[in-house]
Every structure is written in C-alpha cells, then in structure tokens.
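Visitor: The sequence and its predicted three-dimensional model are supplied below.
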Amino acid sequence: MYDLNFLDTNSVARSKTIPVRHFSKAVSSGISFPIVIFASDPHLDINKKSPLLAKYLTSDMICYPDLTTFTTLPWVKNTARVFVSATPASTSGNNNEVLLDPRSILKNQLEKLKAKDMSIFSSLEYEFWLVDEATREPVISGTNAWSTLRLAKHQQFIDQLVLNLLKAGVDIDSVQTEYGKGMFEITMEPSFGIRSADNAATFRTGIKEMAMQEGFVASFMTRPFESDVGASGHLNHSLWTPDGKTQMTADASRPYGLSEIGEYWVAGLLEHACALSFLQAPTVNCRDRISPNNMAPCNATWGVDNRSCAIRLKKQGKHGLYLENRIGSSAGNPYISLAATIAAGIDGIERKLSLPAPIPLDKLCTDEGHLPPDTALLPTDVESAIQCLRKDDVMMNAFGEDFVNNLESIRRFESEKITEEDKYASSRLLYFDYI
C-alpha cells in the first residue's frame, strides 16, 4: 500500500492510502482532498464561519505525489509513504485558484531563495510530551532535564524510535529529557531545501504512531500543563551556495562572525519577528509559552549563544556557524516555519536592513538596559498575533490572502472552544491527541 500524505495547517497528518496497482494513476492525475480540511480544527470539526466555505464550499484541491519522498515505514507493515503537494489547483466548479498547502508554499519560497543563488541548510529541533494512553499521566515525573536515569526508563522505546526513523530516512542527532513532566527533546541532522521540513513531518507523525503502538500518546502541543514550561520547535539553519559547498552566513573577519548577508538575514528575521510568532507558534495555546525568563523569547532580539533571545547565533556547530530561530513552538508546522523564515530573511537581504546590537551573553532579553531602541514585543494573545501578521506586507505576500484569512478564522474558531476557567484542560481536549 501507498500512504499519500501531507501535513495540514494544524500540523496534523492527512492522507489517503491506495493499493500499489493504482499508484501510477495517482502520479499522473493526482489525488483529490477536500479544501474543507484547511477550514477545520485538529479534530476536523469544520469552522462554518471560514471564508473558505463561502468562497470554495465543497471544492477539492488536487495533490500530486513527490516521488523523491518515497520511503518505507518500518513501524507500519507493508506500507510506503509518499508526500504530496497541492497545485495552485482550479477548484471544482469554478476557475479560482487557491494555495493553502504549506508544502507548496515552502516550495515557492525556496524558489525565491534559489533565484538569489542561495540554498538553506536546516533542521527542526522539537520538544514533545509523552503520556500513558490509559491514565494520561506523563511517563516521567519531575523537571530534571538531561537526566540519564529519566531517559533510561524508556530507553527501549527511544532506541526503537531512533532506529526506525533512520530506516525511514530521518537521521536523529540526539535525544534528551527536558524541563517538564514527560517532556523530551530530539534533534535531527540538517538537510538542504525542502528535505528538512519533510524529515520533520516524518518525525512528528512517526513518533505519534510508534508511541500509540506502545500504549503511549506523544504530543507536540505547546503547553498542555500549567505547571510546566512550553515546548519549542526551533529552526536551526544557515545559508549556503546552491551547490552546498560554501557557507554564506559566516565570515570570521567580521563582528560576531556573521557575513554581511548573514547580518541582513538576521535583521530580516527581527524585522518580521512578530508576524513570525503567529506563523511559527500558531495555536491559541502557543501564546501561553511566551513569558519572560523561561527561555522562550518574548521580544525581537538576537544574541551570540544567548538562549533568551528570539534569534541565537551559534558558532560551534559541527557544520560551522548557524542561526537558531527560537520563535517557533512545538505545535508549529515545519513547512510554514521554514517558509516564513526564508521570506523574512530574503526581505532583510533585499532591503539591506541594519542589524541592531546583540543582547550580551550575560544578560537576558528582558534586561531593559541592554535592549536596542524600539525593540518589538512578541504578541502574547491571539488577536495581537493576528494583527501582527495582517500588518506585515512581506508575510502577507508570501502566504497569500486565502491562507491568512483562513488561518485567522481557524484560530478564532479554536479560541471559542477554550474556556478561561479551565484553560489547560479544554486546550488539551482540542490539541493534545492530534498535534
């Protein structure tokens, strides 16, 4: 069987499974998925106020398998997985075009980067939660991050996870426990172009499937428990020549070791940080991660190896200098996160934006005495985050009116389901199992 798969806007895997004998037809003619998928919450509860329903009603989008993504899944018997991408498809019954598929949006941004004779080498770094399926209790207690003993408790599951993902083409770099009950962090080896986002999609869905087989629930929900910190989805990346042989972000002769292009790129990320916050940390629950002094950035700052900042410059990576975009949460869609980062960085290069002073290593980004003038605060509520994106012409152009209108509508729809009196319990019902 072939599993034809994509991640929707909510980072939920959606697919159709077809027999091998029908695969060639899917390659040549595509397969259809209803656009209503994108007008729904993670449970596919349809938002009846979605502008998509008014504009496209019950239309389909046509998706085509990307044969370069073919892989077998060791944890799913007799099944090969192939990612699909939507065309800017003509929807049924009219000639309008709509592009909502995050993978296709990323492909557009990668083409723009290629036109500037650059490529991006990147990897998503995710934290996630693991709970017992029956009791819903975290599988490890306490907040002892990097603990050998906490990790050893589930070493057999972790070992199988790492081995299976490698067989599926995802090379795990490291595994550790994190600062939360049942919280883990896994990093992946970086890849060029769309491959890193594809690896992240395989990783996310694979972990959830393998956990389910072992009687666990794995979740990339950002902050399910009030007593714990939020989980992140950092994007580690650097710029290279198209042939992948020469790094373009680093220049040891310049201040901070950043090349001129690298400085413009970081300045672009800071310029658009507020809009990035909504795109890379998209759910209502993601806003609960943003608070001072918990290592989740709360403003548009950068620093050399400073974990409190939105953008962290790391000089000692095994592939050389790289940038860590720390704005994203674990719930963020990897294709959207990478596409938004590219769009922001390209704008910084095109406009030759000035890079503000970094936050010193021995200071936090909340230390007002070291903040550059007019440093923007990242939005802490959904309405503010929506407005940040709306006011950002670069991001609006990169993602398109249909995509933004729908994303805004979905987040407001989800807000109605979260009660302030029992915020975390109602958020878990909405997000935990599927994200």
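Guide: Perfect, I can see it now.
Visitor: From here on, just use CA atoms for contacts and neighbour counts.
Guide: Noted.
Visitor: how about low-confidence regions in the stretch 51-200 of the chain?
Guide: The stretch 51-200 of the chain contains residues with pLDDT under 70 at 57, 88-98.
Visitor: how about the helices in it?
Guide: Taking DSSP state H, counting those that start in this stretch as the test, the helices found in the stretch 51-200 of the chain are 51-56, 102-115, 148-152, 155-167, 195-213.
Visitor: With mean neighbour count and distance to Trp75 added, can I get those in a markdown table?
Guide: Conversion of the helices of the stretch 51-200 of the chain to a markdown table gives the following (neighbours: other CA atoms under 10 Å; distance: least, CA to CA, whole Å):
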| stretch | mean neighbour count | distance to Trp75 |
| --- | --- | --- |
| helix 51-56 | 16 | 36 |
| helix 102-115 | 19 | 24 |
| helix 148-152 | 15 | 22 |
| helix 155-167 | 15 | 7 |
| helix 195-213 | 21 | 7 |
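Visitor: and Glu125, which of those is closest to it?
Guide: Closest approach to Glu125 among the helices of the stretch 51-200 of the chain (CA to CA): helix 195-213, 8.6 Å.
Visitor: Give me the contacts around the closest one.
Guide: Helix 195-213 is contacted by residues 7, 13, 69, 75, 83, 121-124, 130, 133, 161, 165, 169-170, 190, 217-220, 334-335, 338 when judged by CA atoms under 8 Å, 6 or more residues apart in numbering.
Visitor: How is this protein divided into domains?
Guide: Here the domain parsing of the chain from automatic domain parsing is 2-97, 108-431.
Visitor: Deepest-packed of those, please.
Guide: Comparing the domains of the chain by mean neighbour count (mean count of other CA atoms under 10 Å), domain 108-431 ranks first with a mean of 20.
Visitor: what about the strands in the stretch 201-350 of the chain?
Guide: Secondary structure of the stretch 201-350 of the chain, counting by DSSP state E, counting those that start in this stretch: strands at 216-219, 233-240, 302-304, 311-314, 322-325.
Visitor: what would those strands look like in JSON lines with distance to Leu113?
Guide: Shown next, in JSON lines, are the strands of the stretch 201-350 of the chain (distance: least, CA to CA, whole Å):
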{"stretch": "strand 216-219", "distance to Leu113": "32"}
{"stretch": "strand 233-240", "distance to Leu113": "10"}
{"stretch": "strand 302-304", "distance to Leu113": "23"}
{"stretch": "strand 311-314", "distance to Leu113": "20"}
{"stretch": "strand 322-325", "distance to Leu113": "17"}
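Visitor: Lys417 is nearest to which of those?
Guide: Nearest to Lys417 among the strands of the stretch 201-350 of the chain is strand 216-219 (19.1 Å), distances taken as CA to CA.
Visitor: Please report how far Ser122 lies from Leu321.
Guide: Going from Ser122 to Leu321 by CA to CA, to the nearest Å gives 12 Å.
Visitor: Would you mind grabbing the residues shared as contacts by those two?
Guide: Common neighbours of Ser122 and Leu321, using CA under 8 Å, 6+ apart, are Ser238.
Visitor: Mind checking the helices of the stretch 51-200 of the chain for the one nearest to Cys286?
Guide: Shortest distance between Cys286 and those, using CA to CA, is found for helix 195-213: 17.3 Å.
Visitor: Distance from that closest one to the middle of the chain?
Guide: Relative to the chain's own centre, helix 195-213 is displaced by 12 Å; criterion: CA atoms, centre = their mean, to the nearest Å.
Visitor: now the angle between helix 155-167 and it, please.
Guide: Angle between the axes of helix 195-213 and helix 155-167 is 140 degrees (criterion: axes from the mean of the first three to the mean of the last three CA atoms, to 10 degrees).
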